[in-house]
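**Student:** Generate a structure from the sequence data that follows.
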Amino acid sequence: MSEIMEAWLLAKAKYGLACDLKDEQYDIIKMLIQNKRNVIGILPTGFGKTLTFLLPPLILDEVSIIQGKTVGLIMLKRVG
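**Tutor:** The predicted model follows:
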């Protein structure tokens, strides 16, 4: 099993996610961890862009700074 899928299963269990990792999300995460550089991912609203920048730090075991309202939205979706 790839490290991306292992991180995905961990996040899925920890946060109670009921969806599967989409091919586009997988490709973006793979580019980020292999190249360790910036990647632009253009995905439609509700497609799961948040996972593309939350999973790589789990895989690489590196510090990541995430700024924005997205994390707050994740918590609202989880609670509400």
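
**Student:** Name the residue closest to the centre of this protein, please.
**Tutor:** Among the residues of the chain, Leu51 comes closest to the average C-alpha position under C-alpha atoms, centre = their mean, at 1.9 Å.

**Student:** Show me what the helix or strand where that residue lies is packed against.
**Tutor:** Secondary structure from DSSP states H and E places Leu51 in helix 49-60. When contacts are defined as 3 or more C-beta pairs under 8 Å, 6 or more residues apart in numbering; DSSP states H and E, helix 49-60 sits against helix 3-15, helix 23-35, helix 70-79. For every residue, glycine as well, the C-beta is placed using N, CA and C.

**Student:** For the second one, give me every contacting residue.
**Tutor:** Applying C-beta atoms under 8 Å, 6 or more residues apart in numbering, the set of residues contacting helix 23-35 from outside is 3-4, 39, 41, 43, 47-48, 51-53, 55-56, 59-60.

**Student:** Good, we can wrap up now.
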